[in-house]
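A.B. asks: With the sequence up front, the predicted model follows.
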Amino acid sequence: MRTRAAVLRDPTAPYSVEEIELADPRDDELIVRVTGVGMCHTDMIPRLLPPGIFPLPMVLGHEGAGVVEAVGRGVTAVRPGDHVVLSFESCGACERCHRGEPSYCHHFDLLNTSGKRRDESAGAVSATGEQIAARWFGQSSFAEHAVATARNVVRVDPDLPLSLLGPLGCGIQTGAGSVLLEMGVRPGETIAVFGAGAVGLSAVMAAALVNAGAIIAVDVNPARRELALELGAITALDGADPEIAARIRDLTGGGVNYALDTTAIPSVIVTALSSLAVRGFCGLVGVGLEEIPLNPYLLGNGRSMSYLLEGSAVPQVFIPQLIELWRRGRFPFDRLVRTYPFADIDKAEADSRAGLTVKPVLLTSDEGSL
């Protein structure tokens, strides 16, 4: 089907908003009319990493929400007219998927960050017949329509504002899931969150949900530090302070039980590790390729570190839980969202990179708007 999409053709140039032709959905796929889509830092990675890693031209966007328009013959979980949130893709057949760990699917990179289907088909063509990668995280939702699969859609109540829900599919799920599911932070335990963007602030809210002890947010942006305090942080520290690790150890009497880095900046990751108490754990969720200069001593006394994917969430289970917490006023992720018309995608990206907006959401229509 023909639809309008924001196509990234040149990593140094603005998006090209143009008509493309989506491939017909296969038996396990469905077509979603996108009404709102969040912009995640991961959507900016093709601009930041060396050329050739990602297949351009490509349609990005992986925090879509909208209405199902058509389904393939094998899709039974949703039907036309259902309201859905789009999340990450998984194969459903590998060992990790069978263990209920779809974010660690053996084919995660191919299905999510290659921009293509598992058989390497692109998923769309331009008006002139040029192949366009349109399977970013199994959706490519910087578009008025997206092809998704039965495994990466989550049905939601039709009375919910679709313009708000898209970010639950990745950034907010990742921050909250890292704290609640992957780390399993318990009441009274301490945590430092490095980077107060959408992922970091979601982690702060999740830590507040479980009555964590000291919740410390670290960021260079004063407005973000203030927002972190409003959302549950006990202390917010300036990330430019060279003595951050020492200050955290002083505040907590020896270090935090958990640290979460959302920045992917090597020096910040080392600081996060240096902030840990004995047997402390540091989770990494930021995307970057720089090497980390690591002194093995930082991993002494049982400290450990690992990269976390999508908060270890099963979207069909976790996203409804977050929505219910929001409805009860306990997880106010709506405070992170600022909406933009779809045509203003470049402004939304610029505002996000400048730290002016925590979580941009692009609206392709007025349906479900805030």
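C.D. replies: Yes, it's here.

A.B. asks: For the helix or strand hosting residue 5, buried residues please.
C.D. replies: Secondary structure from DSSP states H and E places residue 5 in strand 2-8. Residues 3, 5, 6, 7, 8 are the ones in strand 2-8 that count as buried (16 or more other Cβ atoms under 10 Å). To be clear about C-beta, it is placed using only N, CA and C from the backbone, and glycine gets the same treatment.

A.B. asks: cool, and stretch 15-27?
C.D. replies: 15, 20, 22, 23, 25.

A.B. asks: Which ones among these map onto strands?
C.D. replies: Secondary structure from DSSP state E places 20, 22 of the buried residues of stretch 15-27 in strands.

A.B. asks: Just the closest of the buried residues of stretch 15-27 to residue 325, please.
C.D. replies: Closest approach to residue 325 among the buried residues of stretch 15-27 (Cβ to Cβ): residue 25, at 32.6 Å.

A.B. asks: okay, the closest residue to the closest one other than its chain neighbours: pLDDT?
C.D. replies: Among residues not flanking residue 25 along the chain, residue 72 sits closest, at 5.0 Å (Cβ to Cβ, 6 or more residues apart in numbering). We have a pLDDT of 95 for residue 72.

A.B. asks: care to break this protein down by domain?
C.D. replies: 2-159+332-363, 175-308 (automatic domain parsing).

A.B. asks: what mean pLDDT would you report for the last one?
C.D. replies: Domain 175-308 comes out with an average pLDDT of 96.

A.B. asks: That one: how far from the chain's middle?
C.D. replies: Relative to its chain's centre, domain 175-308 lies at 17 Å (Cα atoms, centre = their mean, to the nearest Å).

A.B. asks: how long is it end to end?
C.D. replies: 10 Å (Cα to Cα, to the nearest Å).

A.B. asks: Count residues in the vicinity of residue 163, would you?
C.D. replies: Neighbour count of residue 163, defined by other Cβ atoms under 10 Å: 24.

A.B. asks: what about the helices in this structure?
C.D. replies: Counting by DSSP state H, the chain has helices at residues 45-48, 95-98, 108-113, 162-165, 171-177, 198-209, 222-230, 244-252, 266-274, 315-327, 345-353.

A.B. asks: okay, those in a markdown table with distance to residue 302 next?
C.D. replies: Shown next, in a markdown table, are these (distance: least, Cβ to Cβ, whole Å):
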| stretch | distance to residue 302 |
| --- | --- |
| helix 45-48 | 33 |
| helix 95-98 | 26 |
| helix 108-113 | 29 |
| helix 162-165 | 39 |
| helix 171-177 | 24 |
| helix 198-209 | 21 |
| helix 222-230 | 28 |
| helix 244-252 | 16 |
| helix 266-274 | 13 |
| helix 315-327 | 29 |
| helix 345-353 | 37 |
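
A.B. asks: Of those helices, give the one that comes closest to residue 132.
C.D. replies: Of all the helices of the chain, it is helix 45-48 that lies closest to residue 132, at 13.3 Å by Cβ to Cβ.

A.B. asks: which parts of that closest one are buried?
C.D. replies: For helix 45-48, using 16+ other Cβ under 10 Å, the buried residues are 45, 46.

A.B. asks: With respect to residue 60, which of the buried residues of stretch 15-27 is nearest?
C.D. replies: residue 15 (8.6 Å).

A.B. asks: Tell me which residues touch the closest one, please.
C.D. replies: Residue 15 sits next to 6, 7, 8, 142, 345, 346, 349 when contact means Cβ atoms under 8 Å, 6 or more residues apart in numbering.

A.B. asks: What is the most widely separated pair among those?
C.D. replies: Based on Cβ to Cβ, the longest span within these runs between 7 and 349 and measures 13.9 Å.

A.B. asks: before we move on, back to that, could you export the buried residues of strand 2-8 to a markdown table, including columns for distance to residue 94 and pLDDT?
C.D. replies: Formatted as a markdown table, the buried residues of strand 2-8 follow (distance: Cβ to Cβ, whole Å; pLDDT from 0 to 100):
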| residue | distance to residue 94 | pLDDT |
| --- | --- | --- |
| 3 | 31 | 97 |
| 5 | 30 | 97 |
| 6 | 32 | 98 |
| 7 | 31 | 98 |
| 8 | 29 | 97 |
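
A.B. asks: Tell me the one among the contacts of residue 15 nearest to residue 30.
C.D. replies: residue 142 (18.0 Å).

A.B. asks: Report the separation between the closest one and residue 17.
C.D. replies: 9 Å (Cβ to Cβ, to the nearest Å).

A.B. asks: what do the two both touch?
C.D. replies: Joint contacts of residue 142 and residue 17 (Cβ under 8 Å, 6+ apart) are 5, 6, 345.

A.B. asks: ok, back up a step: of the helices of the chain, which approaches residue 39 most closely?
C.D. replies: Here helix 345-353 is closest among the helices of the chain (Cβ to Cβ), at 5.6 Å.

A.B. asks: Which other helices and strands does that closest one contact?
C.D. replies: Helix 345-353 sits against strand 337-341, strand 359-363, with contacts defined as 3 or more Cβ pairs under 8 Å, 6 or more residues apart in numbering; DSSP states H and E.
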